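Asker: fold the following for me, if possible:
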Amino acid sequence: MKKISISKQLLDVCSDIKLGCIQYKTKVEKKNQELWKEIEIISNDIIKEFSIESIGNEKNIMAARALYKGIGKDPYRYRISSEALIRRIVQGKGMYQINNVVDCNNLISISTKLSVGSYDCDKLGEAIEFRVGNKEESYKGIGKETINVEKLPVFADENGAYGSPTSDSEKSMITQSSKNILTILISFDKDFDMDNEIIKAKMLLEKYANAEDIETYISTAENNK
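Answerer: Prediction:
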C-alpha cells in the first residue's frame, strides 16, 4: 500500500492533520442508481442542516480555512472540496454525476464534511507527500483551466503535485480504465474520529464502488516522526 508522509511545514501550521488512506481494486462504472439515492438522502439532510452563512462554522471547514491562511492561500477563493460541494447542495445546484468511484468519493465527502480525493494509483509515483505547493507550481485541473497550487496544500509524488483538498489534476483522475484506486480522507480537525469514519468509508466503497482487496492506513503527525 502507498504510504503518504506529511511535510513539517504543514504540520507546523496544523499538527492535527489526519489522512485516512484507502487503497483498493475496482471496476469503474458510469452510474450506480442506489448510490444516487443515498446521495439524495444526505443532500436533503444538508439542506436542512446548513445555510450558506453557517457552512463556515463546521469544524473541519473552519480548521481548513485556518490552515490555508497560515500557509498564505485565500480559503475563500480556494475552498476545500467538501465546502464547495455543500455550497452547491445548499444553493440547489446538486452534484455532478461522474462515475461510481468519483460519486462515492463525493458521498463520503458530504457525509464526513471532509475533502476527499480519489486517484488512479497506476498514474502515481511511490514517494507521495502532503506538502505546500512550490513557487509557480501548477497543474491542469479536472474540467478546469490550469490551477495555481503555489501555497496550497497538495499531494505530490516525485514528478510534482497532482491533487489538493481544493481541486485535483487530470494526471491522476479516475477514468473508465482505472483499476487501482487510492482514496484519501483529509481532516484538519483535532477531534475528528478518523478510525471510525475510515471504516464507514470502506463500507461505502465496497457497497457502491465495487471495491475489493482493500487496505487502509492513517497518516498523522505521530507516525511521520
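Asker: distance of the closest residue in space to Cys121 that isn't next to it in sequence relative to Asp122?
Answerer: Counting by CB to CB, 6 or more residues apart in numbering, Cys121 lies nearest to Asn180, which is 4.0 Å off, once chain neighbours are set aside. Glycine gets a C-beta too; all of them are placed from N, C-alpha and C. For Asn180, the distance to Asp122 equals 5 Å [CB to CB, to the nearest Å].
Asker: which of those two has more neighbours?
Answerer: Asn180 (16 against 11; other CB atoms under 10 Å).
Asker: wait, the more buried one sits on Lys123?
Answerer: No. Applying CB atoms under 8 Å, one finds Asn180 not in contact with Lys123, separated by 9.5 Å.
Asker: quick one: residues contacting Ile147.
Answerer: By CB atoms under 8 Å, 6 or more residues apart in numbering, Ile147 lies in contact with 138-141, 166-167, 169.
Asker: could you do Ala201 as well?
Answerer: Contacts of Ala201 by CB under 8 Å, 6+ apart are 20, 22, 108, 112, 116, 183, 185.
Asker: in three-state terms, how would the residue nearest to the fifth one when sequence neighbours are not counted be classified?
Answerer: Right, the one you point to is Val116. Distance criterion CB to CB, 6+ apart; nearest residue to Val116, sequence neighbours excluded, is Ser109 at 4.2 Å. Judged by DSSP: H, G, I helix; E, B strand; the rest coil, the three-state class of Ser109 is helix.
Asker: could the contacts of Ile147 be laid out in TSV, adding distance to Ile47, secondary structure and pLDDT?
Answerer: Compiled in TSV, the contacts of Ile147 are given as follows (distance: CB to CB, whole Å; DSSP: H, G, I helix; E, B strand; the rest coil; pLDDT from 0 to 100):
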residue	distance to Ile47	secondary structure	pLDDT
Ser138	35	strand	93
Tyr139	33	strand	94
Lys140	33	strand	91
Gly141	27	strand	90
Thr166	23	coil	95
Ser167	24	coil	93
Ser169	31	strand	95
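Asker: ok, so of those, who is nearest Ile80?
Answerer: The closest of the contacts of Ile147 to Ile80 turns out to be Thr166 (CB to CB; 5.9 Å).
Asker: just to check, the closest one is in contact with Leu152?
Answerer: Yes. With contact defined as CB under 8 Å, Thr166 reaches Leu152; the gap is 6.1 Å.
Asker: identify the contacts common to those two.
Answerer: With CB under 8 Å, 6+ apart as the test, Thr166 and Leu152 both reach Tyr78.
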